[in-house]
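Enquirer: What follows is a predicted protein model with its sequence.
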Amino acid sequence: MTGNGWLQIAVFFLLVLACAKPLGLYIAAVMEGRRTWLSPLLAPCERLIYRICGVSPDREQRWTGYAASLLAFSLMSGLLLYLLQRAQGLLPFNPRQFSGNVTPDLAFNTTWSFVTNTNWQAYTPESTMSYFVQMTGLTVHNFTSAASGLAIAIALARGFARHSVDTIGNFWVDLTRSTLYILLPLSIAGALFLCSQGVIQNFNQYTDSTTVEGVKQIIPQGPVASQEAIKMIGTNGGGFFNANSSHPYENPTPLSNLFQMFVIFLIPGALTYTFGCMVRDTRQGWALFGAMSVLWFAGVLAAYHFEQRGAPALARSGIELAANGGQSGGNMEGKETRFGIANSALFATVTTDASCGAINSVHDSFTPLGGLVPLFNIELGEVVFGGVGAGLYGMLMYAILAVFIAGLMVGRTPEYLGKKIEQKEVKMAMLALLVLAASILVFAAASSVSSFAKNSYMNPPGPATANLGNPGPHGLSEILYAYTSATGNNGSAFAGLSANTPWYNLTIGLAMLIGRFLMIIPLLAAAGSLAGKRQVAVSAGTFPTHGPLFVGLLVGVVIIVGALTFFPALSLGPIVEHLLM
């Protein structure tokens, strides 16, 4: 590890820290309906949207109505996206005349991938999707899925902030404000910045060129910057190109690389301060930010260490792996030289902490323990800053468990932010956690032992393991990572697995639905229960939830509960790989 690498990691974190308070204040003002500096421009648009859609902004919903609105919106928007993919041959902005290459199972997988903010891509975007489908289908869902996650986080925050009421807000209002006031302005500014760095934005035909070796090459084009901005800001992760953020058209410079990592954490980091504002105690928000920061730093430290250390087998062979003036050292397989090991390890940690799934290096080429870091980040439930909204409501789930455990240790009814944490809230939190583990374990086990279609409809039947790029422990890691990524709504992959088959498309699609909605619905139920509780006065026996003691307890609960739930089975592949190298 080098001083320059640590300096770049420090600059990244300081940027996130500096923006947490001002953006958090802005988000709180927007979601509480207060006037902001963008209100003169956007308030008329907001009112027009309500009028067209028949939404009454003053009419709030119980948690059941809020959940029903979310499910109805997701179902109808998903159906539209599925139809767009199946009919893309009839639609405009299709310069390569793509039509029948989106099969029913792939369209199913891609639909729920983008609806659930997972953005798992079992296809090669530049040779599968037209400009029209990329813009009106995939990019639009990058906005709506992120806005839905932000809305759920705000609804849960209202559950803690309110008392003796039975409503937690209006989903349609929260969705509109999240998109109009937060995601759109940030994405417009982000797209313009990315264009300044060299990210392309056009509707040109693909360029046919000849390389210096005389080989014919097709260079894809398209409206990349507009999709790239919301891909990162909304923690979506789905790339315009198969190489994702390692492609020079998506991420051309070290500055664009820093910007992309920064905006992944931008809204999730700010939402902790928003939460503090909503519960009228910003120390509570900083405590959550602190816990997330500790977990993030532990992950990047481990990933950077093992990647800079390199493959153990090469070190034993006497190959020089230390960084010096003539080489970067370490494990450079699958990494871009313009980013290097530090920025590759940082990007891998950030993108799996934040349920983004974008990559600037190939996780499949990481060392065993370096690759274990992104896998374990997702297994924790994407709560280390996490996705837009998803990180906050996931960490609040762990906060409920933390104060419950603290209450058991001292023999008191647990309290959090003046609310008694009782049987229902703990049950809902554990249900959300156990559903994620069950999804990963069941689907991964079935794929490891069962016989299903190989690579396409045309191939003879064979085991699902035939789609692995590597045999043995690393092949197991590829399967585990796929279902962990899908259930955790991350979208990154150990790319050695050929997942575009009916079996993987359908099961991974189901895992994404389980990971999104069977986590959200229990947490909305907890929000409804909390909102109806009376405020409990602080007493001498109240456990403070804003200091270092609570931060340490919360970090411990995240690691221990996450490890007990996921780690014994899911770490097997990477650990065996490390021992065999």
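Expert: Sure thing, it's come through. Residues are numbered from 1 along each chain as shown.
Enquirer: Number of residues surrounding the residue lying closest to residue 548 once chain neighbours are set aside?
Expert: Excluding its sequence neighbours, the residue lying closest to residue 548 (C-beta to C-beta, 6 or more residues apart in numbering) is residue 290, at 7.9 Å. For the C-beta atoms, the positions are set from N, CA and C on the backbone; glycine is no exception. Neighbour count for residue 290, taken as other C-beta atoms under 10 Å: 19.
Enquirer: where's residue 290 relative to residue 367, distance?
Expert: From residue 290 across to residue 367, the span is 29 Å (C-beta to C-beta, to the nearest Å).
Enquirer: Likewise for residue 302?
Expert: 11 Å.
Enquirer: what's the pLDDT at the residue nearest to residue 548?
Expert: Looking at residue 290, its pLDDT stands at 94.
Enquirer: Double-check it against residue 551; I have them as touching.
Expert: Yes - if you go by C-beta atoms under 8 Å, residue 290 and residue 551 touch, sitting 4.7 Å apart.
Enquirer: and the residue nearest to residue 548, which of the three is it?
Expert: The local conformation at residue 290, judged by DSSP: H, G, I helix; E, B strand; the rest coil, is helix.
Enquirer: Look at residue 302 and residue 367 and report which has more neighbours.
Expert: Per other C-beta under 10 Å, whichever of residue 302 and residue 367 has more neighbours is residue 367, with 24 against 17.
Enquirer: Quick one: residues contacting the closest residue to that one other than its chain neighbours.
Expert: Distances taken as C-beta to C-beta, 6+ apart place residue 306 nearest to residue 367, at 4.9 Å, with adjacent residues excluded. Residue 306 is in contact with 331, 366-367, 369-370, 373, counting by C-beta atoms under 8 Å, 6 or more residues apart in numbering.
Enquirer: at 7 Å what do you get?
Expert: 367, 369-370 (C-beta atoms under 7 Å, 6 or more residues apart in numbering).
Enquirer: Check what pLDDT it gets.
Expert: pLDDT for residue 306: 87.
Enquirer: With residue 230 instead?
Expert: Here, the pLDDT recorded for residue 230 equals 94.
Enquirer: which is the next helix or strand following the helix or strand hosting it?
Expert: Assigned by DSSP states H and E, residue 230 belongs to helix 224-233. Sequence-wise, the next helix or strand downstream of helix 224-233 (DSSP H and E) is helix 254-278.
Enquirer: chain center to that following helix, what's the gap?
Expert: Helix 254-278 sits 13 Å away from the centroid of its parent chain (C-alpha atoms, centre = their mean, to the nearest Å).
Enquirer: for the chain, which residue is closest to the average position?
Expert: When the chain is reduced to its mean C-alpha position, the nearest residue by C-alpha atoms, centre = their mean turns out to be residue 355, at 1.6 Å.
Enquirer: Skip the chain neighbours and tell me the closest residue to that one.
Expert: Here the residue nearest residue 355, using C-beta to C-beta, 6+ apart, is residue 387, at 3.6 Å.
Enquirer: Residue 149 is in contact with the one you found, correct?
Expert: Yes - judged on C-beta atoms under 7 Å, residue 387 makes contact with residue 149 at a distance of 5.6 Å.
Enquirer: which residues do the two both contact?
Expert: Residues touching both residue 387 and residue 149 by C-beta under 7 Å, 6+ apart: residue 117.
Enquirer: Can you tell me which of the contacts of residue 306 is nearest residue 111?
Expert: Nearest to residue 111 among these, counting by C-beta to C-beta, is residue 370 at 32.8 Å.
Enquirer: Please give me every residue in contact with the closest one.
Expert: Applying C-beta under 7 Å, 6+ apart to residue 370 gives the contacts 303, 306-307, 345.
Enquirer: do you know how far the residue lying closest to it once chain neighbours are set aside is from residue 153?
Expert: Among residues not flanking residue 370 along the chain, residue 306 sits closest, at 3.9 Å (C-beta to C-beta, 6+ apart). Distance from residue 306 to residue 153, counting by C-beta to C-beta: 33 Å.
Enquirer: just residue 289 next, same as before
Expert: Distance from residue 289 to residue 153, counting by C-beta to C-beta: 14 Å.
Enquirer: out of the two, which sits in the busier spot?
Expert: Ranked by neighbour count (other C-beta under 10 Å), residue 289 and residue 153 place residue 153 first, with 32 against 26.
Enquirer: Could you tell me the angle between whatever helix or strand that one lives in and helix 224-233?
Expert: Using DSSP H and E, the element containing residue 153 is helix 140-161. With axes from the mean of the first three to the mean of the last three C-alpha atoms, to 10 degrees as the basis, helix 140-161 and helix 224-233 are set at 20 degrees to each other.
Enquirer: which helices and strands sit right next to the following helix or strand past helix 140-161?
Expert: Proceeding N to C from helix 140-161, the next assigned helix or strand is helix 171-177, under DSSP H and E. Judged by 3 or more C-beta pairs under 7 Å, 6 or more residues apart in numbering; DSSP states H and E, helix 171-177 is in contact with helix 3-31, helix 39-53, helix 63-86, helix 140-161.
Enquirer: Tabulate those helices (a markdown table), appending mean pLDDT and distance to residue 545.
Expert: As requested, the helices and strands packed on helix 171-177 are exported to a markdown table (pLDDT from 0 to 100; distance: least, C-beta to C-beta, whole Å):
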| stretch | mean pLDDT | distance to residue 545 |
| --- | --- | --- |
| helix 3-31 | 93 | 18 |
| helix 39-53 | 94 | 33 |
| helix 63-86 | 94 | 23 |
| helix 140-161 | 93 | 11 |
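Enquirer: Single out the most deeply packed of those.
Expert: helix 140-161 (a mean of 26; mean count of other C-beta atoms under 10 Å).
Enquirer: list the helices and strands that one packs on?
Expert: helix 63-86, helix 104-115, helix 171-177, helix 224-233, helix 254-278, helix 390-410, helix 502-531.
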